[in-house]
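Visitor: Using only what follows, build the 3D model:
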Amino acid sequence: MGPTVVVGMSGGVDSSVAAYLLRKQGYEVIGVTMQIWQDEEERIQEERGGCCGLSAVEDARRVAAKLEIPYYVMNFKEEFRRHVIEYFKDEYRRGRTPNPCIACNRYIKWEALLHRSMEIGADFIATGHYAQVVHLPNGRYAIQQSQAQGKDQSYALYSLTQEQLKHTLMPVGGYSKEEIRRIARDISLPVAEKADSQDICFVPDGDYAAFIEKECNKCGGCSEHLEGNFVTPEGKILGKHKGIIHYTVGQRRGLGLPLGYPAFVLEIRPDTNEVVVGTREESLTREVHARGLNFMSEETIEGKRRVFAKIRYNHRGAWGTVERIGEDEIRCVFEEPQGAAAPGQALVLYENGVVLGGGMIQ
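Guide: Just a heads-up that it's a prediction; the model follows:
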């Protein structure tokens, strides 16, 4: 009998095939779905889809039965609220743009799930992410980009620790999406044609501002959803906005400002409840700073390094020079100006397709 691996099963085709591939490789596979829904109303919403809702449990249970592996649902509601929902809400209220998938990966899918899996005697955890874990010649573990065109998920995994990576398997990272679906069809998995989840799981309708307002109302409300002023960088008032939680740096659509030119959000000022807007040229930047650093392929960096970097999940990436300018701060100067470098998003650095490290944009 091979090593034991707990597979985080979302009910989707990727994690389902991951479980199959590992079982085929000789691992003792245990399927687990993470219960994260918070209350009855949100539970009803989750029945429409999402990666960890009720429909996910039923789909994952059917796959586990098909693969003849044990299956469990583990309750992570408290950890999810503390590390993901509260973080998501607080970041928007601070005028920043959070990435809840990064927080969920770091604190729920790895830290909490790995800890609980080790408690029951597992050797590894595994997911259906399109990325690969590599063990480098220097002894460190790192995430390598997937070869699947347009599906790479390495950006959202940059914050994983060495201990987490050491106990992680990502068996679908070397396949394309089409190959994964073909495997699922070949073995008659019930989720072979299931559509990919697109929205953040706890905001199924995509209305982030309405979700935050609802969360704030639970504790008496907050001022971040009150109207304020759109202003120029010099402070000239241009009109009224709906509340800072409705906007992110780099945003162009939905501003409702008849200025005669396309306007972009340049900055959000929670202290004065102002949203600064300007032209596209003003929205571009070559220099990005990041803190809350996590290095992966190397323990740290010294001097200046030319790297390929991404500033958001769907960013194509660009070349720049990075250097450490403080104990917990790096600066990346891009060779070409970049748009929508939003505070709260991640700056992720790559060398030869492998994650060097990253941090949160300031």
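Visitor: Which parts of the stretch 151-300 of the chain are helices?
Guide: Assigned by DSSP state H, counting those that start in this stretch, the stretch 151-300 of the chain shows helices spanning 162-166, 177-186, 208-217, 280-283.
Visitor: Quick check: which element contains the residue minimising distance to the centre of the chain?
Guide: Nearest residue to the geometric centre of the chain (CA atoms, centre = their mean): C101, 2.6 Å. C101 is part of helix 100-104 when elements are defined by DSSP states H and E.
Visitor: Tabulate the CA atom coordinates of the helix or strand that comes right after that helix in CSV.
Guide: Elements were assigned by DSSP H and E; along the chain past helix 100-104, the next helix or strand is helix 113-119. The C-alpha coordinates for helix 113-119 follow below in CSV (Å, rounded to 0.1, in the frame of the first residue of the first chain):
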residue,chain,number,x,y,z
LEU,A,113,-6.6,21.0,5.5
LEU,A,114,-2.9,20.0,5.8
HIS,A,115,-3.0,20.2,9.6
ARG,A,116,-6.1,18.1,9.8
SER,A,117,-4.9,15.6,7.2
MET,A,118,-1.6,15.1,9.1
GLU,A,119,-3.7,14.5,12.2
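Visitor: Spell out the residue ranges of the strands in the stretch 201-350 of the chain.
Guide: 228-231, 237-241, 264-269, 274-278, 284-295, 304-310, 318-326, 329-339, 346-351 (DSSP state E, counting those that start in this stretch).
Visitor: Next secondary structure after the lowest-mean-pLDDT helix or strand in the chain?
Guide: Ranked by mean pLDDT, DSSP states H and E, the weakest helix or strand in the chain is helix 40-46, scoring a mean of 47. Next helix or strand after helix 40-46 toward the C-terminus (DSSP H and E): helix 54-67.
Visitor: The next helix or strand after that next one pairs with which strands, parallel or anti?
Guide: As assigned by DSSP H and E, the chain's next helix or strand after helix 54-67 is strand 71-75. The pairing partners recorded for strand 71-75 under DSSP bridges are strand 28-35 (parallel).
Visitor: okay, the angle between the partner strand and helix 54-67?
Guide: Here strand 28-35 runs at an angle of 170 degrees relative to helix 54-67 (axes from the mean of the first three to the mean of the last three CA atoms, to 10 degrees).
Visitor: List the buried residues for strand 28-35?
Guide: E28, V29, I30, G31, V32, T33, M34, Q35 (16 or more other CB atoms under 10 Å). Heads up, the C-betas are built off the backbone N, CA and C, glycines and all.
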